[in-house]
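Undergrad: Turn this into a model:
(chains A and B)
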Amino acid sequence: NAGVTQTPKFQVLKTGQSMTLQCAQDMNHEYMSWYRQDPGMGLRLIHYSVGAGITDQGEVPNGYNVSRSTTEDFPLRLLSAAPSQTSVYFCASSSTGTDFLGGYTFGSGTRLTVV
Amino acid sequence: DQQVKQNSPSLSVQEGRISILNCDYTNSMFDYFLWYKKYPAEGPTFLISISSIKDKNEDGRFTVFLNKSAKHLSLHIVPSQPGDSAVYFCAASASYNNNDMRFGAGTRLTVKP
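TA: Below you'll find the model as predicted:
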């Protein structure tokens, strides 16, 4: 019962470095998304995908790229890390349609620090 | 532009008493409302939801109330237990396809034994 798996759990980057945050789910969910959580801000949507090959931007997409080549995986790429991207990142998934009111399943998060 | 607001960063209640967590929203297009609970070092977990066609939804000790005219919802926990101590996030969405959910900043609930 893995659910949503995020790796790594912690990461420290230097300004300008790039990296990929991994997210995988084993529930055959169509919908996957990335959020960042900052103090006093709640969770803000970065990018989302409604199925393999389909992605779109959320509230705060700048500085991030995503792709969805399979149903299971939804990696988030930081192209050139900046201190403003220091945050906790959560990946989430859900079925679309009638299961929506059942909410998202979240991963346990990646704490990223950019120095 | 925070469309979903939780104005109380923290709440402390005694075990056995009622906990009431509040949430206000500004977007009148929101039709689906959810509450999530988050423990430290874990991701949020879904708790309870309500659609705008209802004004109340109950699940065991948890009840969510929705007042659409006031753009306000609340989560009641009765009776509160120490294991309920966590951060609670309110979330809202206008669409049935999940791509526009907005979250509040969270309220940290502490239930004292």
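
Undergrad: Any idea what the closest residue to B:Gly83 other than its chain neighbours is bridged to?
TA: Closest residue in space to B:Gly83, ignoring its immediate chain neighbours: B:Val111 at 7.8 Å, by CB to CB, 6 or more residues apart in numbering or on different chains. All C-beta atoms are positioned from the backbone trio N, CA, C, and that covers glycine. For B:Val111, the beta-bridge partners under DSSP bridges are B:Val13.

Undergrad: Likewise for A:Val66?
TA: If you apply DSSP bridges, the partners that A:Val66 bridges to are A:Leu76.

Undergrad: For chain A, tell me whether the helix or strand where B:Ala91 lies is touching it.
TA: Per DSSP states H and E: B:Ala91 is located in strand B:86-93. Yes - contact of strand B:86-93 with chain A (CB under 8 Å from any CB of the partner chain) involves B:89, B:91, B:93.

Undergrad: Show the contacting residues for A:Leu45.
TA: Listed by CB atoms under 8 Å, 6 or more residues apart in numbering or on different chains, the contact set of A:Leu45 reads A:33-35, A:58-60, B:99-102.

Undergrad: Burial check on the residue nearest to B:Gly83, number of neighbours?
TA: Residues near B:Val111, counting by other CB atoms under 10 Å in any protein chain shown, number 21.

Undergrad: Can you list the low-confidence ranges for chain B?
TA: Within chain B, the stretches falling below the threshold (pLDDT under 70) are B:1, B:96-99.
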